[in-house]
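K.L.:
Generate coordinates for the sequence data below:
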Amino acid sequence: MIGELLAEVRKDHHDTQKQLADKLHVTVSAVRSWEQEKSSPSHETLVNICRLYNISADYLLGLSQVEHPNVFTQEDLGKIREFEEFLLWKKSYKAKENSSLSQKRSPSKQ
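P.N.:
Next up is the predicted model:
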């Protein structure tokens, strides 16, 4: 399963077996062997393939049909950024509010 999916992903990214081999610092015969299901990449190499092509290991291993599990649209990313800014503002506001309350509660030293 990994070989067929690896070949598909590699071709989707317009890489030849040699280009993938160069990027992973392995031989072309190693890539060919993986794609022909004669052998499998090491765990470290599998992680490097996933990072290189921005895919999940589950997808490459055939455990998931989702190639890119966390793909967001630009609209989604904008909403996420807005929410992040709100949370940071709220955290800052609460910190200032708590500081102000604690100053009011403690008697000032003269």
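K.L.:
Helices of this structure, residue ranges please.
P.N.:
Counting by DSSP state H, one finds helices in the chain at the ranges 2-12, 17-24, 28-35, 43-53, 57-60, 74-105.
K.L.:
For the ones you listed, give me CSV that also has mean pLDDT and mean neighbour count.
P.N.:
Where C-beta positions appear, they are placed from N, C-alpha and C, glycine not excepted. Converted to CSV, the helices of the chain look like this (pLDDT from 0 to 100; neighbours: other C-beta atoms under 10 Å):
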stretch, mean pLDDT, mean neighbour count
helix 2-12, 93, 16
helix 17-24, 97, 16
helix 28-35, 97, 18
helix 43-53, 94, 15
helix 57-60, 88, 17
helix 74-105, 82, 10
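K.L.:
quick one: the residue nearest in space to the middle of the chain and His13, what's the gap?
P.N.:
Per C-alpha atoms, centre = their mean, the C-alpha nearest to the average position across the chain is that of Asn54, at 6.5 Å. Note on Asn54: its distance to His13, by C-beta to C-beta, to the nearest Å, is 9 Å.
K.L.:
Equivalent analysis for Lys96, please.
P.N.:
Counting by C-beta to C-beta - Lys96 and His13 are separated by 49 Å.
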